[in-house]
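K.L.:
sharing a model prediction with you, sequence too.
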Amino acid sequence: MSLIARLIEAGTPAELIEEVAMMVAEKRAAEKAMQEARDKARERQARKRERDMSRDVTQHNVTECDIDRSPPCSPPNDIYSNPPLNPPITKSSVRDAFPCPDWCDRKVWADLKRNRKTKRLTNTETAHAEFLRDIAKLATDEWPPGEVVRAIVARGWGGAYDPRQSQNDRKPANVRTAPSNRNTAELALAKLGMAGG
């Protein structure tokens, strides 16, 4: 006995039976569409397998001239016996854009470059020229350029700042000091012409 026949026997209203019949029809239509999609997918997969099989067969057709008649070679004894024909290019063969000057210790310069990399500063030719120019400005008889760089690296800086100053003594040029509330209020009153006394 079908669901609709059971609903009629139970005395269900006609509107409700129609809704149930529509839902059953929609469900069957969705199931049918799903089954058709599965069948199409199976057919596509079967066609793909056939194509792949035909490609494998045509690619593996061996002719007489394809056969290597040379004696087989023995495998190498270990993985290091056959070095690569073209060794990989290392960074040392590429020209360094931030080379160490003659007056600076190489280890200190390597630490400076590491500091700059950590701080995400560029190590380009332009940055190198600017850094050397700044070091030349800071260098004196008491502080030769190599000692200036050593002090900069010791403080963990990536740029050329005067190591004789503390970090708090240096003020960036682009930072303005904020006016106090009292000065702001006085300025506002002065603009309104209500300067107090």
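P.N.:
Cool, got the structure.
K.L.:
count of neighbours near Val153?
P.N.:
Taking other CB atoms under 10 Å as the neighbour definition, Val153 ends up with a count of 22. (C-beta placed from N, C-alpha, C; glycine too.)
K.L.:
name the helix or strand for it, please.
P.N.:
Element membership of Val153 [criterion: DSSP states H and E] is helix 145-154.
K.L.:
in that helix, what's buried?
P.N.:
Judged by neighbour count (16 or more other CB atoms under 10 Å), helix 145-154 contains these buried residues: Pro145, Gly146, Glu147, Val148, Val149, Arg150, Ala151, Ile152, Val153.
K.L.:
that one packs against which elements?
P.N.:
Here helix 145-154 touches helix 106-118, helix 125-138, going by 3 or more CB pairs under 8 Å, 6 or more residues apart in numbering; DSSP states H and E.
K.L.:
to Val24, which of those helices lies closest?
P.N.:
Each of the helices and strands packed on helix 145-154 was scored for nearness to Val24 using CB to CB, and the closest is helix 106-118 (68.8 Å).
K.L.:
check which helices and strands that closest one is in contact with.
P.N.:
Counting contacts by 3+ CB pairs under 8 Å, 6+ apart, helix 106-118 packs against helix 145-154.
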